[in-house]
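Colleague: the sequence isn't on hand, but the structure is:
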């Protein structure tokens, strides 16, 4: 009976999240920009006499109530990722779908400091366990962890969380990499290793399952977002280029 209640609760939570995200996507072209859900909720809680909501052409039904429910089952970081996906929908430029996303493709899910990411399998060379015996080099940036030997390759290992997490969230990242990192994803022909907290399952995605970004003026490595899996899909080629230029 307890398992049935838990499954019913999880199903209700997933439905609430998806309804909230989809309702925003439907209205984003006509409505004014939506506030940060975290700030909006805080404002609602502190107002003594709440003002009536602004009238828009096509209002979102119960948005404040939905935000409150979403916050109970979503981490702040996941909400930020969802917001960024919605923000990209406001751009007028056409969506950029990479070649590997034109047809059905597989992705490996992984996490960095609570943020769910996915890397296309066609761009993933290998996955190896975290190795504390990484050769460190002096005078490097904080996100560069050092070199590791894999087969005949010298792989440069980076702390993925320090590069993909928003700046206002980086202070919550555990300072000691050895206490939070478990695997290294090898990409870009074994040139780079993306250290992560954990790896998840392999999923299938269709082109229409992804909200592809329309303008990559910021976070160019973010190809799009899967609302079903609540994860950001990483373009490893762009990410590797960013690392090379940094």
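Modeller: Received it, and whenever you're ready, just let me know what you need. The shown structure was predicted, so the numbers you read here are calculated from the model rather than taken from an experiment.
Colleague: all contacts plus neighbour counts: C-alpha atoms, from now on.
Modeller: Fine.
Colleague: what residues sit buried inside stretch 181-193?
Modeller: With burial defined by 16 or more other Cα atoms under 10 Å, the residues of stretch 181-193 counted as buried are 181, 182, 183, 184, 185, 186, 187, 188, 190, 192, 193.
Colleague: could you do stretch 209-224 as well?
Modeller: Residues 210, 211, 212, 213, 214, 215, 219, 221, 222, 223, 224 are the ones in stretch 209-224 that count as buried (16+ other Cα under 10 Å).
Colleague: tell me the secondary structure of the closest residue to the third one other than its chain neighbours, please.
Modeller: In this case it means residue 212. Nearest non-adjacent residue to residue 212, counting by Cα to Cα, 6 or more residues apart in numbering: residue 224, 4.2 Å away. Secondary structure assignment for residue 224 (DSSP: H, G, I helix; E, B strand; the rest coil): strand.
Colleague: swap in residue 138?
Modeller: Using three-state DSSP, the structure places residue 138 in coil.
Colleague: all strands for this protein, in order.
Modeller: Per DSSP state E, the chain carries strands over the ranges 105-112, 115-120, 124-129, 144-150, 153-159, 183-187, 192-196, 198-205, 210-212, 222-226, 231-234.
Colleague: winner for burial among the ones you listed?
Modeller: Compared across the strands of the chain, strand 192-196 shows the largest average neighbour count, a mean of 25 (mean count of other Cα atoms under 10 Å).
Colleague: follow-up on the earlier one: can I get the strands of the chain in a markdown table with distance to residue 175?
Modeller: What follows is the strands of the chain, written out as a markdown table (distance: least, Cα to Cα, whole Å):
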| stretch | distance to residue 175 |
| --- | --- |
| strand 105-112 | 13 |
| strand 115-120 | 16 |
| strand 124-129 | 19 |
| strand 144-150 | 12 |
| strand 153-159 | 11 |
| strand 183-187 | 17 |
| strand 192-196 | 14 |
| strand 198-205 | 17 |
| strand 210-212 | 33 |
| strand 222-226 | 25 |
| strand 231-234 | 23 |
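Colleague: export those strands to CSV and tack on mean pLDDT?
Modeller: CSV is the format used below for those (pLDDT from 0 to 100):
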stretch, mean pLDDT
strand 105-112, 96
strand 115-120, 95
strand 124-129, 95
strand 144-150, 93
strand 153-159, 94
strand 183-187, 96
strand 192-196, 96
strand 198-205, 96
strand 210-212, 93
strand 222-226, 93
strand 231-234, 94
